[in-house]
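Chemist: return a 3D structure for these sequence lines:
(one chain, ligands or ions: 1)
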Amino acid sequence: MSAGYLSITNNTDELISISRVESSQFESVQLHESVIEDGIAKMHRLNDLSIPANSTIKLEPSGKHLMLMRRSDTSRQISLRFYSEEALLLRVIAPLKKRIN
Ligand SMILES: [Cu+2]
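Modeler: Model (predicted):
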């Protein structure tokens, strides 16, 4: 299992909601949020990711992130597609890194 971190900027005047993320290199990609409950770090699955008009959200460790499950190749680059309902919003190519903490 891998985690995906990135910043996404919405430079339109309308809220954008990302409802689905896909990668042909993983069996599934989920939107997650890390929270602390009773002193224990947990992750929740999110149904979507809202980016308010003219703002940037950060997917980062101990916050919202992508959970990339069951990888099906060995490439050093990960290709991701972000959708709002059926509309493709964004394509991202990201490097794969070893966890450093
Ligand atoms: Cu997660």
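Chemist: use CA for all of it now, contacts and neighbours both
Modeler: Noted.
Chemist: can you list the residues of this protein near the ion?
Modeler: Within the chain, the positions near the ion by C-alpha under 5 Å from the ion are 32, 67.
Chemist: residues contacting the residue nearest the centre of the chain?
Modeler: Within the chain, one residue has its C-alpha closest to the average C-alpha position: by C-alpha atoms, centre = their mean, that is residue 66, at 3.2 Å. Taking C-alpha atoms under 8 Å, 6 or more residues apart in numbering, we find residue 66 in contact with 3-5, 29-32, 59.
Chemist: how about residue 51?
Modeler: Residue 51 neighbours (C-alpha under 8 Å, 6+ apart): 8-10, 15-17, 57.
Chemist: of those, buried ones?
Modeler: Among the contacts of residue 51, those scoring as buried are 10, 16-17 (criterion: 16 or more other C-alpha atoms under 10 Å).
Chemist: okay, now the unreliable bits of this structure?
Modeler: 100-101 (pLDDT under 70).
Chemist: returning to what we had before: out of the contacts of residue 66, which are buried?
Modeler: 3-4, 29-32, 59.
Chemist: all strands of this structure, in order?
Modeler: Per DSSP state E, the chain carries strands over the ranges 2-4, 6-10, 16-18, 20-22, 26-37, 40-46, 49-51, 55-59, 64-71, 77-84, 87-95.
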